[in-house]
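how does the following fold in three dimensions:
(2 chains)
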There are 2 protein chains.
Amino acid sequence: MKVVVLGGVAAGTKIAAKLMRENRGNEVLVLNKGKNISYAGCGLPYYVGHVIEDREQLIVNTPEKYAKLTGVTVMTETEATKVDPEAKKVTAVNLATGQEQTYDYDKLVISVGASPIKPPIEGCDLENVFFVRTPEDAIRIREAVDAGNVKRAVVVGAGYIGLEIAENLKLQGVRPFVLDMAEHALPGFDAEMAEYVEGKLQESGIPVVTKVAVTGIEGDGKVEKVLTSKKAYKADLVVLSAGIRPNTSFLDGIGLEMFKGTILTNGKGETNLPDIYAAGDCAMVHNALTEKAAWSPMGSTANISGRLIAQNMMGADFGYRGVLGTAVCKLPGLNVGRTGLTEAQAEAEGFHPVSVITVVDDKAHYFPGAGAFVIKMIADKDSLRLLGVQVIGAGAVDKVVDIAVTGIMLKGTLTDLADMDLAYAPPFSTAIHPFEHTLNVLMNKINGKFETFTPAEYAAGAAEGYKVVDACLAPSIEGAPYVELTTVEGPVEGLDPEEKLLLVCNKGKRAYLLQNRLKFYGYKNTKVLEGGITFSDVEA
Amino acid sequence: MKVVVLGGVAAGTKIAAKLMRENRGNEVLVLNKGKNISYAGCGLPYYVGHVIEDREQLIVNTPEKYAKLTGVTVMTETEATKVDPEAKKVTAVNLATGQEQTYDYDKLVISVGASPIKPPIEGCDLENVFFVRTPEDAIRIREAVDAGNVKRAVVVGAGYIGLEIAENLKLQGVRPFVLDMAEHALPGFDAEMAEYVEGKLQESGIPVVTKVAVTGIEGDGKVEKVLTSKKAYKADLVVLSAGIRPNTSFLDGIGLEMFKGTILTNGKGETNLPDIYAAGDCAMVHNALTEKAAWSPMGSTANISGRLIAQNMMGADFGYRGVLGTAVCKLPGLNVGRTGLTEAQAEAEGFHPVSVITVVDDKAHYFPGAGAFVIKMIADKDSLRLLGVQVIGAGAVDKVVDIAVTGIMLKGTLTDLADMDLAYAPPFSTAIHPFEHTLNVLMNKINGKFETFTPAEYAAGAAEGYKVVDACLAPSIEGAPYVELTTVEGPVEGLDPEEKLLLVCNKGKRAYLLQNRLKFYGYKNTKVLEGGITFSDVEA
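Numbers count the residues shown, from 1 in each chain, chains lettered A, B, ... in the order given. Here you go, the predicted model:
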């Protein structure tokens, strides 16, 4: 079988190599626009920060090594310009010589990836204005920083890559400002979780400014200033990380079904045209939970789906079960991870979401390095199906996410996922695992044993008319009556059992215990603020 | 409701506190033999190694603090001596005064824990011979070590606690020897996995001697020597960590059903006697996979099941779904984790296990701190149900275990668990997650695309008559023909297509790629050694 693969970074090289392993009799040709194939796109921010020292480490395989290892033929600096699905031919141009050539295929794989979006503003071509998409981009940014005249940088885009770049610039002594048009940083997180992270980033010296439009970049040859809808930011360096767009314009008019330029595929990687497959950042997959089309321009999706597509091309019938929008990101002293639906997404998808936010130990509290996770867990109130988690903390947020991914993929309910014998020893976790602890608290909430306001409800004013009661270990909320929960053996002086009381402690646990006691002694209108003052700014 | 709880460490304090939260009108009395309740048993080894510095950190709650926090009445140094199930009375003795008293109950919880087994040999009472079960034990061991005259120590018992103690002694400059009667260290691991860890421990200066019986301990007042069935070991300190036995002898004759002294319970914590519950190290639970009775003397099981039992006592109907024998343990530069059935256990339970061992990157190979996991995954060949994993590595073995726990609890097959959108970013994982990579390799093996000998099969002589072929990146196996896989474009000179060939590389991956090519060129009898020379000592 003769296969032409357009694009050879993650999905393309995976598919091509697997096709050859499935049958070395296949003829597989990869046409790649750039010089490098198979590079570590996800590692680029860390090259900028000297966390990854050598540029060779960014290149997983050179074209030569890859070809020898797999038996695939690789042509680099060769850009596909036309696909003829009827004749089963691809036309491509050699970028070095300008020469065009046509290639026959039995099956075609389109994995041409995506390119950074260039904002429609002046000044994007000034010196020291960069994208961060290819190894060359990362090399150029690092060269500019290492040259020593970069004091302030503006990163446009507060997604994962933007924030990773900001952290790595900070590591190099540059003062970064991250700007984003959206309401919040961290797409895929509910607003209150993103806000919490924004606060922590600010404390770490990475201010994130949201709801701001970049209107221009100015400088005399070299960038000096970024103009925005709010104010101007001095900058010696700008990184544009405000999204990517599939490289699919050359496919216009051939009848390929797309959604906003991204190629639609079925669960097997097939497009609507016979013998044409699409994978990687230029293709749509689907969400495993909602079963709707989803765009997941991630190295993991490219590799996972690529492997399946190659097997399907060789006659297997493996449906790809889809993505959950899983992501994890290392930030300064703070990791963030998420999977499944946010509460807002769950609402929009017609679920009846119920959620809880806990602040829990990430390992035995007495073990060195123990810290806290902030976990938001979202389930459907009717079916109790787990819908998503968002986790923030210095520790292994990826572990909590991976448990949730497994649970969601297996369509687990909170009942199915309760009381699991997860791994415990003091250096790793807590006797009741943070995931299970959060699940228990959510079940308590669903069963009416834990009556709360979420931080989002609190921020939206739900506690209007409630008297704040300070339930911390020591008095911590100015102006609020303090109640030491262990002294409560009946009605508390000064607190009327009919009164609306908002019980607030550090994390939520002491307030829960206080609520439990107060209810026993006849208090009817108490609410606990989930996440306590760790999560929300509370005023009496 | 009047509840008496016998024993207040993990299960007892959890149940008592939860009973009060369920209804503060309950009268709950904890009778505890020791002075301390609610201590961090799992943290004791780390106190010895000064990883946990203060003894206060070992005590989760003092009796006074606990009582105030929960409303539970606590009597310490009070040992139950008799239970009368008919009269619903418990007799207990105050260990300070010797006075006996009787307590009525509506419901009784037996959570008296277990005590270390004292080997039936001379010398166990010599100075510097210790158990490691209570905070006092750990404090005494550390005092002895800190006094400065301990050069060599013998730890009897190569289970998790024995190995943790050995590591912590080593941290303090003591040279530890770990002795065990069993075939291997690390109960719950298959033999070849345990052997691999034993080798690594040896390299780290923690020799583990197996199949050895301790026959006596000698010394002039203070321990000097440990006598064994093999040889004598000089020792300035001995830690006896060779198992525990439930503290249930005072219950003999009242009709309580037990298995080897451990109280049988149903899925709700109920014993065979009305209104008597049992939990923690003195109780049996059941295995979630086999549904057979199982003993799980772990802090996690005590807490998880304890919480459920308290709810059941208050009228709920929560079945405990049971344990999977999950464990995780930090060793020097090497963590180990496991869950589910070992291959040997799966065989014994009537499954048709198939397994694979992989050596895989634990995060992006170019990220600082990246290392390898050795993962053994076990599934049932007929149903493809995931049965267990064992993981060894410097990194987050607990994460791989927790994914498997979730998968097994939800009765996932390899197909259900394939291609999940697990968390990926370079600092955390690989684009195809180590769990999924291993699952893919196991599926390749099941589908005949990867033909192997496991390290166990190899060690048992299965490769007899096979010619070893060195498939490493560079020649690494003395006397074996070396084949650089990328040069293979047809039959290899010197290797007959009919010949039995054992393909060996570092980890298994290059040998797999070589096998793939050789099969295409007509080789019929190739086998890959799983785990390569990372895992097995191979001679040509």
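
so chain A: which segments form each domain?
Under automatic domain parsing, the residue ranges defining each domain of chain A are A:2-39+A:60-113+A:245-313, A:129-242, A:333-443, A:452-535.

the longest one and chain B in contact?
Yes. Looking at domain A:2-39+A:60-113+A:245-313 against chain B by C-beta under 8 Å from any C-beta of the partner chain, the contacts come from A:10, A:21, A:23-25, A:68-69, A:288, A:296, A:298-305, A:307-308. Where you see a C-beta, it was placed from the backbone N, CA and C, and this is true even at glycine.

the residues you listed, buried ones only, as a ChimeraX selection?
If you want just the buried ones from those in ChimeraX, going by 16 or more other C-beta atoms under 10 Å in any protein chain shown, the selection is:
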select /A:10,21,24,288,296,298,299,300,301,302,303,304,305,307,308
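
re earlier: nearest to residue B:410, out of the domains of chain A?
Proximity to residue B:410 (C-beta to C-beta) singles out domain A:333-443 among the domains of chain A, at 4.1 Å.

hey, where'd the strands end up in the stretch 51-200 of chain A?
A:73-75, A:78-84, A:89-94, A:100-104, A:107-110, A:114-116, A:129-131, A:152-156, A:175-179 (DSSP state E, counting those that start in this stretch).

off-centre distance for the last one?
Right, the one you point to is strand A:175-179. 19 Å (C-alpha atoms, centre = their mean, to the nearest Å).

ok, stretch A:506-513 next?
30 Å.

and if you look at stretch A:373-385?
On C-alpha atoms, centre = their mean, the centre of stretch A:373-385 falls 19 Å from the chain's centre.

tell me where chain A has helices.
Here chain A has its helices, by DSSP state H, at A:11-22, A:44-48, A:63-70, A:135-146, A:160-171, A:191-203, A:299-313, A:343-348, A:397-409, A:414-417, A:434-446, A:455-459, A:509-520, A:532-535.

would you mark the buried spots in the fourth one?
Spelled out, that is helix A:135-146. A:135-138, A:140-142, A:144-145.

the inter-axis angle of that helix versus strand A:152-156?
Angle, helix A:135-146 to strand A:152-156, by axes from the mean of the first three to the mean of the last three C-alpha atoms, to 10 degrees: 150 degrees.

helix A:135-146 near chain B at all?
No. With C-beta under 8 Å from any C-beta as the criterion, chain B is not reached by helix A:135-146; the gap is at least 11.6 Å.

who's in contact with that helix?
Helix A:135-146 is contacted from outside by A:36, A:39, A:44-45, A:47-48, A:50, A:55, A:58-59, A:128, A:130-132, A:150, A:165, A:169, A:172, A:174, A:237, A:239, using C-beta atoms under 8 Å, 6 or more residues apart in numbering or on different chains.

average pLDDT for that helix?
Averaging pLDDT along helix A:135-146 yields 95.

just give me the neighbour total for the nearest residue in space to residue A:17 that is not next to it in sequence.
What sits nearest to residue A:17 in space, not counting adjacent residues and going by C-beta to C-beta, 6 or more residues apart in numbering or on different chains, is residue A:70, at 4.3 Å. Residues near residue A:70, counting by other C-beta atoms under 10 Å in any protein chain shown, number 22.

ditto for residue A:212
19.

just checking, it touches residue A:232?
No. Judged on C-beta atoms under 8 Å, residue A:212 makes no contact with residue A:232 at a distance of 11.3 Å.

spatially central residue for chain A, please.
By C-alpha atoms, centre = their mean, the mean C-alpha position of chain A lies nearest to residue A:327, the distance being 3.6 Å.

per-residue pLDDT, that residue?
Looking at residue A:327, its pLDDT is 97.

next: the one 10 residues further on.
Residue-level confidence at residue A:337 comes out at 98, pLDDT.
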